[in-house]
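Participant: What would the 3D arrangement of this be:
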Amino acid sequence: MRLSLRPQTRSLLLAIAIITTPLGLSACGSAEADKPKPVPVVGVIIAKAQAVELTTELAGRTEAFEIAEVRPQVAGLVMARLFQEGSYVREGQALYQIDSRLLAATQAQATATVASAEATVEANRLRAERFEALAEQGGVSKQEAADARATYNQSRAAVGQARAALASARVNLGFTRVTSPISGRIGISMVTKGALVTNAQATPMAKVQRLDPMYVNIRQSSADFMALRRAIESGKLVSGAAPVTVILPDGSEYPIAGKLNPADVDVNPETGTITVRAVVPNPKGDLLPGLFVRAKVGQGSVPDGILVPQAAVTRDPRGRA
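Facilitator: The predicted structure follows:
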């Protein structure tokens, strides 16, 4: 059976509901206000002065410790390439063989010239001694004896010239075997077998780079550098052997720390930065030349620094702590 209410009855019930609702809410609010507020938990630490190491993170780029371009010192055809591209080569290791036939003939000719000059000097020595003996007996004039002695001296000088030419020919012949000037990793070959090379060509035959250790060239603003130096001079910072931690492009830290070298004394006029160079060991060859990295550089230590948690530090609208 469905119960129906008259319009007057429905209006009366709605008015009662509207009146009683605020009373219920007021009662609830009063109950909440009467509850005791929780006591805030405050952490307390004891701050004390201690030596604090200061570091900064700067952008850097790796560079080979030594770079040598392999260039020919004599002209000729490349007969053979004696290395594997990308391999490790040692100083003095043969890399290319240049056609040596012409220079070998030049050396043989220089050897014969030395032998001829030595024979001539011996003949002139005997002649000069004979003329000097005859001059004492009046057999020849003193002028003739003097001329014979001068000819002998000239022939001795000719021997020296011939020997120098022979030494030069030997050096040039040795240059037909192109060797590595340093130990390191060699790149791709810029010439092939049968190519004609000269000692005046602009393009190197190959490039060798020493990768252990490696340089990391770090750029620091001149203003920060001067501020750091003033802090060290005033005694606010204690300078030591600044360690350098390299952060690789993937965000990982290179496991071996490096050391900072003295900064470049010149300021780049275009960027206003000073180049700081770090030396980092690279025994496994993980670091390659040309990598863009981040370098975490130790700038010294504050002897009486005080450390507090980051959460306890507030900042003003300008970002000052």
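Participant: any idea how far stretch 139-159 is from the chain center?
Facilitator: What separates the centre of stretch 139-159 from the centre of its chain is 63 Å, taken as CA atoms, centre = their mean, to the nearest Å.
Participant: Buried residues in it, which are they?
Facilitator: By 16 or more other CB atoms under 10 Å, the buried positions in stretch 139-159 come out as 140, 145, 148, 149, 151, 152, 155, 158, 159. Just so you know, the C-beta spots here come from the backbone N, C-alpha and C atoms, and that holds for glycine as well.
Participant: Could I get the full set of helices for the protein?
Facilitator: Taking DSSP state H as the criterion, the chain carries its helices at 7-34, 101-137, 142-175, 222-234.
Participant: before we move on, the earlier item: so can I have CSV of the buried residues of stretch 139-159 showing distance to residue 45 and pLDDT?
Facilitator: As requested, the buried residues of stretch 139-159 are exported to CSV (distance: CB to CB, whole Å; pLDDT from 0 to 100):
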residue, distance to residue 45, pLDDT
140, 114, 79
145, 108, 83
148, 106, 86
149, 102, 87
151, 102, 89
152, 99, 88
155, 97, 90
158, 93, 92
159, 91, 92
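Participant: If you average the pLDDT over the longest strand belonging to the chain, what comes out?
Facilitator: Scanning the chain for the longest strand, with DSSP state E as the assignment, gives strand 49-70. Strand 49-70 shows an average pLDDT of 84 in the prediction.
Participant: for the stretch 201-321 of the chain, what spans make up the strands?
Facilitator: With DSSP state E, counting those that start in this stretch as the definition, the stretch 201-321 of the chain shows strands at residue ranges 206-221, 243-247, 258-260, 273-280, 292-306.
Participant: how about stretch 254-273: buried residues?
Facilitator: 254, 258, 260, 263, 273.
Participant: May I see the strands of the stretch 201-321 of the chain organised as JSON lines, with mean pLDDT and distance to residue 180 added?
Facilitator: Output for those, formatted as JSON lines (pLDDT from 0 to 100; distance: least, CB to CB, whole Å):
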{"stretch": "strand 206-221", "mean pLDDT": "91", "distance to residue 180": "5"}
{"stretch": "strand 243-247", "mean pLDDT": "88", "distance to residue 180": "28"}
{"stretch": "strand 258-260", "mean pLDDT": "84", "distance to residue 180": "26"}
{"stretch": "strand 273-280", "mean pLDDT": "85", "distance to residue 180": "23"}
{"stretch": "strand 292-306", "mean pLDDT": "75", "distance to residue 180": "28"}
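Participant: Same list (the ones you listed) but as a markdown table, adding distance to residue 118.
Facilitator: A markdown table is the format used below for the strands of the stretch 201-321 of the chain (distance: least, CB to CB, whole Å):
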| stretch | distance to residue 118 |
| --- | --- |
| strand 206-221 | 42 |
| strand 243-247 | 63 |
| strand 258-260 | 59 |
| strand 273-280 | 54 |
| strand 292-306 | 64 |
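Participant: so where's this structure uncertain?
Facilitator: Counting by pLDDT under 70, the chain contains low-confidence ranges at 1-37, 39, 41-43, 47-54, 228-229, 231-242, 262-266, 299-308, 311-312, 319-321.
Participant: what's near enough to touch the closest residue to residue 191 other than its chain neighbours?
Facilitator: Residue nearest to residue 191 in three dimensions, not counting chain neighbours: residue 205, with 5.1 Å by CB to CB, 6 or more residues apart in numbering. Residues counted as contacts of residue 205 (CB atoms under 8 Å, 6 or more residues apart in numbering) are 70, 71, 72, 95, 96, 178, 189, 190, 191, 197.
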